[in-house]
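Trainee: fold the following and give me the result.
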Amino acid sequence: MALGTVPRFSIVVPCHGSRAWLRPCLDSVLGQSFTDFEVIGVDDADPDGSGRILDEYAAADPRVRALHLEENIGLGPARNAGLKECRGEYVLFLDADDEYLPGSLEAIATRIDNARQPDIVMFDYERIYWDGRVLGSQRHDAFAREGAGVFTAAERPIFLTFLEVVWNKAHRREFLTRHGFAFTSGFYEDAPWTYSTMLTAERIATLDRVVVHYRQHRTGGNIHATSGRRQWDIFDQYDRVHAFIQSDPDLAGWRRFAFDRSLDHILAVLAKPERIDTEDRAEFFHAAHAFAKRWKPEGYSTDRTARGFKRWLLIHDDYATYSTLKLSARMLQVPSPRKRVGKLLRRGKLDPNLVAYAAGRFTQYAGNPRAICEKAAELAPHLRGVWVVDDEHVGAIPEGVEYVVADSPAYEKLLGKATYFVSDANWPKDLDKRQGQVHLQTQHGTPLTTVTLPVEGKDELMRAVDRWDFNLSSNRYSSEIWERIYPSYFEELEYGYPRNDRLLTATLDEVRAIRAGLGYDDSHLVILSAPASDEHLDPDRLATAAGEHARVLGTEGQAQVEDLMLAADVLVSDHSSITFDYANLDRPILLLTGDRTGTYFDVAEFPPGVVARSAEELFAALRNGTFAAPEAAKHRHLFREKFCEFDDGRAAERVVRRVFLGELEVPAITPLADRSPAPSAYFVHNG
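Mentor: Predicted coordinates:
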């Protein structure tokens with residue numbers, strides 16, 4: 001957008017703790033059919049990388065501007081900072097975890113024109129839950145029933161009974177500037193803004209359309225508080241609401257309305273155990289009484305409804321009755337306790353030095369768990385590592401490695417005594433995690449193909465995820481995906497994948513030894529064919545295309561995957577996650593993508609090398625040498641910067657020190673430019 005031009009809309013997106021959903025949020029805006037807008041992304045000193053994402057989008061689209069704050073100032077002040085940068089005719093605020101539905105901005109622009117530039121346009125929203133459920137707003141019908149024309153809040157007070165939020169409205173910027181509206185600090189900052197703008201506006205219009213998908217987080221959200229003393233901010237915010245109303249005699253008629261609404265909001269917060277801790281409930285209730293005493297209108301009396309009775313309890317500071325009613329309600333909702341019968345229900349003293357390992361759902365001795373186990377033997381020899389394997393795959397466990405067979409008495413004993421659990425998959429659903437036990441989820445690849453949660457059993461899956469204390473990530477892209485699809489309270493360990501350590505530390509002699517064991521020498525161009533799909537490429541045609549010295553290596557029934565990657569000089573794959581691991585070696589990669597859909601991003605737009613749409617294109621790239629040309633290397637470098645950022649050869653050490661040894665300071669990540677991946681024997685031999 002040219003400097004000095006005035007866009008129709010300015011959209012302020014404050015960001016803090018929001019990286020998991022920021023990309024979908026921005027994509028929902030930039031993908032709108034109406035394009036006359038600017039986005040001001042405000043990085044509120046976000047420690048998790050939202051600022052980096054904003055910079056990426058700003059570099060790719062001139063409509064996006066990134067504003068980086070030096071310190072975390074909170075949601076309201078961050079919005080104020082963005083508001084100062086706005087140039088548009090109308091200002092909208094969108095939280096970084098929410099989204100616009102397609103066609104929304106065009107519909108808002110049309111409504112503004114039809115209503116002849118009102119001060120505020122209010123639109124509808126839906127709540128979207130972590131499991132995909134969508135729930136409309138409770139007062140949706142008001143738009144069709146009472147939303148026609150242009151009006152004031154006094155003429156249509158029902159529109160002040162909606163959720164007190166800022167992101168369901170478009171505000172004329174001149175209106176905001178003329179009255180000097182600004183957000184306050186603290187939580188529940190939307191309440192003073194909503195009342196002051198809506199009660200001041202002379203011309204309000206509505207749009208009977210769902211514009212925003214308001215995300216409901218399983219873990220309580222990332223911008224707003226979930227529990228603790230921050231919830232006390234609600235009293236300060238509604239103090240501001242009532243002070244504003246009492247400052248203007250013309251607003252005297254709103255005093256009872258605002259008083260009832262504020263008590264209802266406070267009671268709603270009090271009713272949520274995830275917001276007010278049990279030990280703080282009485283104190284919060286008494287603070288609510290003090291608030292009610294400050295602002296109760298003269299001659300006020302509660303109505304004879306259940307809601308009115310709760311207001312009465314607050315006004316009279318009757319916490320004893322309130323708590324008794326809440327306890328009775330919970331007892332009615334909770335089923336009668338019954339003894340749980342489960343083969344994994346066990347008690348006994350935990351062994352602080354016992355670690356249970358598993359990989360490939362009890363079928364392998366491999367991957368990240370193996371690398372962690374072997375590094376623990378070096379750095380923490382006091383730990384005893386025991387692997388779990390099913391009866392059919394006992395042969396996968398090397399001699400000298402201690403193991404138990406799944407579902408055996410020894411297995412039951414292990415799970416009852418182990419302090420640490422390390423796996424690249426979830427442990428059985430009936431495993432009771434005991435206090436003091438620590439679960440590390442290592443994952444087994446960078447996600448490219450879209451992860452789809454099961455239609456049935458989502459709650460069961462998430463209960464398993466809730467056992468994770470730590471989740472391992474090899475790049476910030478993966479962190480965003482894991483946090484989005486597995487919303488829980490784990491700590492993200494952005495340490496790299498331990499199984500990839502060998503790709504960064506192996507020597508040329510080690511590479512040659514692996515190749516010799518497979519029957520290859522330096523003269524052979526070894527191609528690793530590792531597609532994730534069933535569309536296998538003919539090995540003979542691959543070898544023919546690459547020349548007489550080419551050999552093709554597959555992954556089925558072969559050695560450890562890390563050995564195969566070290567042996568190979570070229571990777572041929574499709575949407576397999578092995579691409580991200582192999583890229584650590586900085587060797588040529590060819591991808592056969594076809595018309596594949598269902599991925600988190602189009603790999604053809606951010607390729608790790610040569611991307612072919614057909615087998616013939618791939619064979620041609622092997623024949624003419626473009627797979628190893630400088631252009632392919634340039635793409636590979638950019639790919640490695642994004643997806644290999646934490647894999648520097650010391651991932652396992654970081655995990656052992658943080659998880660097992662409890663060290664908060666772990667070795668820093670070595671910059672990409674300073675790493676020395678294991679060399680390719682073929683390319684060393686051929687210069």
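Trainee: give the burial count for Asn426, as a bare number.
Mentor: 18 (other CB atoms under 10 Å). C-beta here means a position set from N, CA and C on the backbone, and glycine is covered the same way.
Trainee: now name the helix or strand holding it.
Mentor: Under DSSP states H and E, no helix or strand contains Asn426.
Trainee: in contact with the nearest residue to it once chain neighbours are set aside, which residues?
Mentor: Residue nearest to Asn426 in three dimensions, not counting chain neighbours: Ala464, with 4.2 Å by CB to CB, 6 or more residues apart in numbering. Ala464 makes contact with Asn426, Trp427, Lys429, according to CB atoms under 8 Å, 6 or more residues apart in numbering.
Trainee: let me know the pLDDT of the first one.
Mentor: Each residue has a pLDDT score; the one for Asn426 is 94.
Trainee: surely it is in contact with Val465?
Mentor: Yes. Applying CB atoms under 8 Å as the test, Asn426 and Val465 come out as touching, 7.3 Å apart.
Trainee: hey, what's in contact with both of those two?
Mentor: Gln441.
Trainee: which stretches of the stretch 51-200 of the chain form strands?
Mentor: 64-68, 90-93, 99-100, 120-129, 134-136, 169-172 (DSSP state E, counting those that start in this stretch).
Trainee: winner for burial among those?
Mentor: Here the criterion is mean neighbour count by mean count of other CB atoms under 10 Å, and of these the winner is strand 90-93, at a mean of 26.
Trainee: list the helices and strands it packs on?
Mentor: strand 9-15, helix 75-84, helix 104-114, strand 169-172, helix 173-179 (3 or more CB pairs under 8 Å, 6 or more residues apart in numbering; DSSP states H and E).
Trainee: okay if I get these as TSV plus mean pLDDT and distance to Asp239?
Mentor: TSV is the format used below for the helices and strands packed on strand 90-93 (pLDDT from 0 to 100; distance: least, CB to CB, whole Å):
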stretch	mean pLDDT	distance to Asp239
strand 9-15	98	23
helix 75-84	97	15
helix 104-114	98	33
strand 169-172	98	23
helix 173-179	98	20
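Trainee: just name the most buried of these.
Mentor: Highest mean neighbour count among the helices and strands packed on strand 90-93 (mean count of other CB under 10 Å): strand 9-15, a mean of 28.
Trainee: gap between stretch 29-45 and the chain center?
Mentor: 20 Å (CA atoms, centre = their mean, to the nearest Å).
Trainee: now swap in stretch 510-530 and tell me
Mentor: On CA atoms, centre = their mean, the centre of stretch 510-530 falls 40 Å from that of its chain.
Trainee: go on, stretch 300-319?
Mentor: 41 Å.
Trainee: and the end-to-end length of that stretch?
Mentor: End-to-end span of stretch 300-319 (CA to CA, to the nearest Å): 20 Å.
Trainee: please apply the same query to stretch 439-454.
Mentor: End residues of stretch 439-454 are separated by 23 Å (CA to CA).
Trainee: could I get the buried residue list for that stretch?
Mentor: His439, Leu440, Gln441, Thr442, Gln443, His444, Gly445, Thr446, Pro447, Leu448, Thr449 (16 or more other CB atoms under 10 Å).
Trainee: then stretch 362-381?
Mentor: Buried-residue list, stretch 362-381, by 16+ other CB under 10 Å: 362, 364-373, 375-376, 380.
Trainee: check stretch 183-197 too.
Mentor: 183-184, 186-197.
Trainee: coming back round to it: tabulate the strands of the stretch 51-200 of the chain (CSV), appending distance to Thr507.
Mentor: What follows is the strands of the stretch 51-200 of the chain, written out as CSV (distance: least, CB to CB, whole Å):
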stretch, distance to Thr507
strand 64-68, 42
strand 90-93, 55
strand 99-100, 49
strand 120-129, 51
strand 134-136, 55
strand 169-172, 62
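Trainee: of those, which approaches Pro77 most closely?
Mentor: Minimum separation from Pro77 across these (CB to CB) falls at strand 64-68, 12.1 Å.
Trainee: how far does that closest one sit from the chain's center?
Mentor: With CA atoms, centre = their mean, you get 21 Å for strand 64-68.
Trainee: next: stretch 365-372.
Mentor: Between the centre of stretch 365-372 and the centre of its chain there are 26 Å (CA atoms, centre = their mean).
Trainee: now stretch 633-652
Mentor: 21 Å.
Trainee: returning to what we had before: please report the distance of the residue nearest to Asn426 from Leu453.
Mentor: Distance from Ala464 to Leu453, counting by CB to CB, to the nearest Å: 12 Å.
Trainee: also Gly496?
Mentor: 26 Å.
Trainee: show the pLDDT at Ala225.
Mentor: With respect to pLDDT, Ala225 scores 43.
Trainee: to Ala652, which of the strands of the stretch 51-200 of the chain lies closest?
Mentor: The nearest among the strands of the stretch 51-200 of the chain, by CB to CB, is strand 64-68 at 34.0 Å.
Trainee: can you list the helices and strands that the closest one packs against?
Mentor: strand 37-43, helix 50-60.
Trainee: looking at those, which is closest to Ile108?
Mentor: strand 37-43 (10.1 Å).
Trainee: mind listing what the closest one pairs with, with the direction of each?
Mentor: With DSSP bridges as the test, strand 37-43 is paired with strand 9-15 (parallel), strand 64-68 (parallel).
Trainee: can you put those in a markdown table and add distance to His286?
Mentor: Compiled in a markdown table, the strands paired with strand 37-43 are given as follows (distance: least, CB to CB, whole Å):
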| stretch | distance to His286 |
| --- | --- |
| strand 9-15 | 33 |
| strand 64-68 | 41 |
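Trainee: nearest to Pro487, of the ones you listed?
Mentor: The nearest among these, by CB to CB, is strand 9-15 at 17.7 Å.
Trainee: C-terminal to the closest one, what's the next element?
Mentor: helix 19-30.
Trainee: what does that next one rub up against?
Mentor: By CB under 8 Å, 6+ apart, the residues outside helix 19-30 that reach it are 11, 13, 15, 18, 37, 39, 41, 46, 48-50, 53-54, 57, 61, 63-64, 94-101, 105, 213, 215, 222, 476, 479-481, 483-484, 487.
Trainee: equivalent analysis for stretch 386-398, please.
Mentor: 354-358, 362-366, 373, 401-407, 411, 414, 418.
Trainee: show me these that map onto helices.
Mentor: Cys373, Tyr411, Leu414 (DSSP state H).
Trainee: got the contact list for the second one?
Mentor: Under the criterion of CB under 8 Å, 6+ apart, the contact partners of Tyr411 comprise Val388, Val404, Val405.
Trainee: how about Arg215, phi and psi?
Mentor: Dihedral pair for Arg215: phi -80, psi 130, per degrees, to the nearest 10.
Trainee: chain neighbours aside, what residue packs nearest to it?
Mentor: Nearest to Arg215 is Asp97, by CB to CB, 6+ apart, at 4.7 Å.
Trainee: that neighbour and Ser423: what is the separation?
Mentor: Asp97 is 29 Å from Ser423, by CB to CB.
Trainee: what's the answer for Asp44, then?
Mentor: In terms of CB to CB, Asp44 sits 36 Å off from Ser423.
Trainee: and Pro352, by the same measure?
Mentor: Distance from Pro352 to Ser423, by CB to CB: 19 Å.
Trainee: which one's more surrounded, those two?
Mentor: Ser423 (24 against 12).
Trainee: related to what we said a few turns ago, could you export the contacts of Ala464 as TSV, including distance to Leu135?
Mentor: Listed next are those as TSV, based on distance: CB to CB, whole Å:
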residue	distance to Leu135
Asn426	28
Trp427	33
Lys429	28
